[in-house]
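1. Next comes the sequence, and after it the predicted model I'd like to discuss.
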Amino acid sequence: MGSGGGAARRVVVVGAGVVGLTCAVRLLEEGHRVDVLARDLPRETTSVVAAALWYPYLVLPRARVTTWAACSYDAFGRLAGQPGSGVRLLPGTEVHHTRTPDPWWRGAVPDLQRVAPLVLPGPYRDGWSFAAPVVDMPVYLTWLTARLHELGGSLTRLNLAALPQSTGPDDVVVDCSGIGSRLLAHDPTTTPVRGQVVVLEQWGLDRWWLDGSGPTYVVPREHEVVVGGTEEPGDWSRTPSPEAAQSILDRAANLVPQVRTARVLRHKVGLRPARPQVRLEREGAVVHCYGHGGAGVTLSWGCAEEVAALVGPPA
């Protein structure tokens, strides 16, 4: 969807997680020349660890998040079922121990239905069901990278000590550095929130489950099931904890009892880039887009649309 006209503006995107790649693809669709620079290649990023159930988590401000999340919901809906994308739209249920008001992001989903307490599992007394995008991240990141190259973009591994300087009057840098924004944007308000998951063999599960009181979820992919999780602010360790893994499985079994007997395939840890609120703004020749907490996938397409608007049309 190129815009035509004069020479394309050059945009350098810093970061190759889901936010950086999505911004790069969206800018290429607008007709820009785009180069992605990143220390970690897509399947080495925190994004690849995510269970990647569409769900606004650990992220503010609410009004902007709801708008971005709704845009992403629609984009993933269009991708669902597209061969090779890794995106599916699956039904699922969020449960609560006590009566709970509708979620603040209610407006981002087209249909949310209350569930009668009698049909809820275990100790839960309230809940709602809705269809949500579920994204198989290794597959999806490969799809996004292929889309980047198909549109003429480049991806280069480069360990930057600072954001690159624009070389032309119309050039723009898009900062999608995630936790790296502590260094590259000199922003100490971005902090890690450690998340651990257990990946299980798929036994036929075709809907997701989420405990709204904390990071406990069971999310099916096509060939495996991702079970989580933990929420550990300020913890930089990427080494899986056996104790945390057991706690995850015990909690998740309240949602889906088959978790107890499924074969464990692997353990993974990611560091969510948390911030008091998402930073999405233009500062001179730099557009900052980071601080997505546990909602990078959920906000990716909505934020990419706003980034494209901030970058402007091709020069």
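-> That came through, no problem.
2. In three-state terms, label the closest residue to residue 254 other than its chain neighbours for me.
-> Leaving aside its sequence neighbours, residue 254 sits nearest to residue 122 (CB to CB, 6 or more residues apart in numbering; 4.3 Å). Yep, even glycine has a C-beta here, placed from its N, CA and C like the rest. Using DSSP: H, G, I helix; E, B strand; the rest coil, the structure places residue 122 in coil.
3. Helices along the stretch 201-315 of the chain, start to end?
-> 242-253, 296-311 (DSSP state H, counting those that start in this stretch).
4. deepest of these, which one?
-> helix 296-311 (a mean of 24; mean count of other CB atoms under 10 Å).
5. Out of the helices of the stretch 201-315 of the chain, which gets nearest to residue 60?
-> Of all these, it is helix 296-311 that lies closest to residue 60, at 11.2 Å by CB to CB.
6. now stretch 79-86: how far from the chain's centre is it?
-> Centroid separation for stretch 79-86 versus its chain: 16 Å, with CA atoms, centre = their mean, to the nearest Å.
7. Could you export that stretch as PDB, CA atoms only?
-> Presented in PDB, the C-alpha positions along stretch 79-86 are these (Å, rounded to 0.1, in the frame of the first residue of the first chain):
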ATOM      1  CA  LEU A  79      -4.600 -12.500   9.800                       C
ATOM      2  CA  ALA A  80      -6.300 -15.300  11.600                       C
ATOM      3  CA  GLY A  81      -6.200 -18.500   9.600                       C
ATOM      4  CA  GLN A  82      -3.900 -17.000   7.000                       C
ATOM      5  CA  PRO A  83      -1.300 -19.700   6.100                       C
ATOM      6  CA  GLY A  84       2.000 -19.300   7.900                       C
ATOM      7  CA  SER A  85       0.900 -16.400  10.100                       C
ATOM      8  CA  GLY A  86       0.500 -18.400  13.300                       C
END
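8. ok, back up a step: surely the residue nearest to residue 254 is in contact with residue 251?
-> No. The criterion here is CB atoms under 8 Å, and residue 122 misses it with residue 251 at 10.3 Å.
9. Residue 75 versus residue 168, what's the distance?
-> The spacing between residue 168 and residue 75, counted by CB to CB, to the nearest Å, is 30 Å.
10. Check residue 151 too.
-> 16 Å.
11. and if you look at residue 239?
-> Applying CB to CB to residue 239 and residue 75 gives a distance of 34 Å.
12. So between those two, which is more surrounded?
-> Legend: neighbour count by other CB atoms under 10 Å for residue 239 and residue 75, higher for residue 75 (19 against 7).
13. Correct me if wrong: residue 177 contacts residue 15.
-> Yes. Counting by CB under 8 Å, residue 15 is a contact partner of residue 177 at 4.6 Å.
14. overlap in contacts of these two?
-> residue 290 (CB atoms under 8 Å, 6 or more residues apart in numbering).
15. Run a quick neighbour tally on the closest residue to residue 98 other than its chain neighbours.
-> Once flanking residues are discounted, residue 98 sits nearest to residue 125: 5.9 Å by CB to CB, 6+ apart. Using other CB under 10 Å, residue 125 has 12 neighbouring residues.
16. Show me what the longest helix seen in the chain is packed against.
-> Longest helix of the chain, by residue count under DSSP state H: helix 62-79. Packing contacts for helix 62-79, counted by 3 or more CB pairs under 8 Å, 6 or more residues apart in numbering; DSSP states H and E, involve strand 87-96, strand 126-135, helix 296-311.
17. Let's have these in a markdown table, adding mean pLDDT and distance to residue 278.
-> Formatted as a markdown table, these follow (pLDDT from 0 to 100; distance: least, CB to CB, whole Å):
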| stretch | mean pLDDT | distance to residue 278 |
| --- | --- | --- |
| strand 87-96 | 98 | 22 |
| strand 126-135 | 98 | 19 |
| helix 296-311 | 98 | 7 |
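18. Redo those as TSV? Include distance to residue 246.
-> Output for those, formatted as TSV (distance: least, CB to CB, whole Å):
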stretch	distance to residue 246
strand 87-96	21
strand 126-135	25
helix 296-311	27
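19. So which of the ones you listed is nearest residue 217?
-> strand 87-96 (9.1 Å).
20. Beyond that closest one, next helix or strand please.
-> strand 113-114 (DSSP states H and E).
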